[in-house]
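Novice: Have a look at this prediction, sequence included:
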Amino acid sequence: MLTTEPTARRWSLDEYHRMGDLGFFRDQRVELIAGEILEMAPQGSEHFSSICLCADALRRCFGSNHVIRVQGPLRFSDRSEPEPDVAVVPGQPRDYAAKSHPASALLVVEVSDTSLEFDQKGKASLYARAGIKDYWIVNLTDRTVEVYRDPVPDETSLFGFQYADKSIFTDKDRIKPFAAAADVAVADLLP
């Protein structure tokens, strides 16, 4: 008798969206990552305040020719549609109304406390694989901002890519996004 181990069922983006339309995820925060539907932890007040602060600071930094998406989907593939806390994409909001969500971003920011390890490893590998050149983690635990740049292949990483450059900034520092003319004070991102 031949035996096989059970395997996980991977979901497509179309299936994920249909389940959402049917109400499967009502009152849940979920993301589709590599075909798996991940339930995200509820947000605390400090977490959400930081998301708002990041969005405000990045609007000032990038100006009117960019959309600052707050927890909006990025369509990386037919199996991955993460919803980063903040993403900066070129254009105007209506540019994405009739077509698919953006497939990339100029900057992605995750605000992190309970999900810090996943954001540093899993999400970093996912974003590096998608070619996101500027990825920031607002680390609420250490009150720092981790900046990841220069995505490179790395077979040991979860999604086969990682960032070659990681820098850590404190509340006394300023950071210049790759795609912006102005910089951002780290203190403006922390609650």
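Specialist: Here it is on my side, so go on.

Novice: Tell me how many other residues crowd residue 115.
Specialist: Residue neighbour count, defined by other C-beta atoms under 10 Å, stands at 17 for residue 115. Heads up, the C-betas are built off the backbone N, CA and C, glycines and all.

Novice: Spatially, what comes nearest to it if we skip its sequence neighbours?
Specialist: When the adjacent residues along the chain are set aside, residue 115 lies closest to residue 41, with 6.5 Å between them (C-beta to C-beta, 6 or more residues apart in numbering).

Novice: again, but for residue 71
Specialist: Sequence neighbours aside, residue 83 is the residue nearest to residue 71 in space, at 5.1 Å (criterion: C-beta to C-beta, 6+ apart).

Novice: quick one: contacts for that neighbour?
Specialist: Residues near residue 83 by C-beta atoms under 8 Å, 6 or more residues apart in numbering: 31, 71-74.

Novice: Repeat that for residue 137.
Specialist: When contacts are counted by C-beta under 8 Å, 6+ apart, residue 137 is found next to 109-112, 116, 119-120, 145-146, 148.

Novice: And residue 168, how close does it get to residue 68?
Specialist: Here the criterion is C-beta to C-beta, to the nearest Å. By it, residue 168 lies 23 Å from residue 68.

Novice: With residue 53 instead?
Specialist: In this structure, residue 53 and residue 68 are separated by 12 Å, where distance is defined by C-beta to C-beta.
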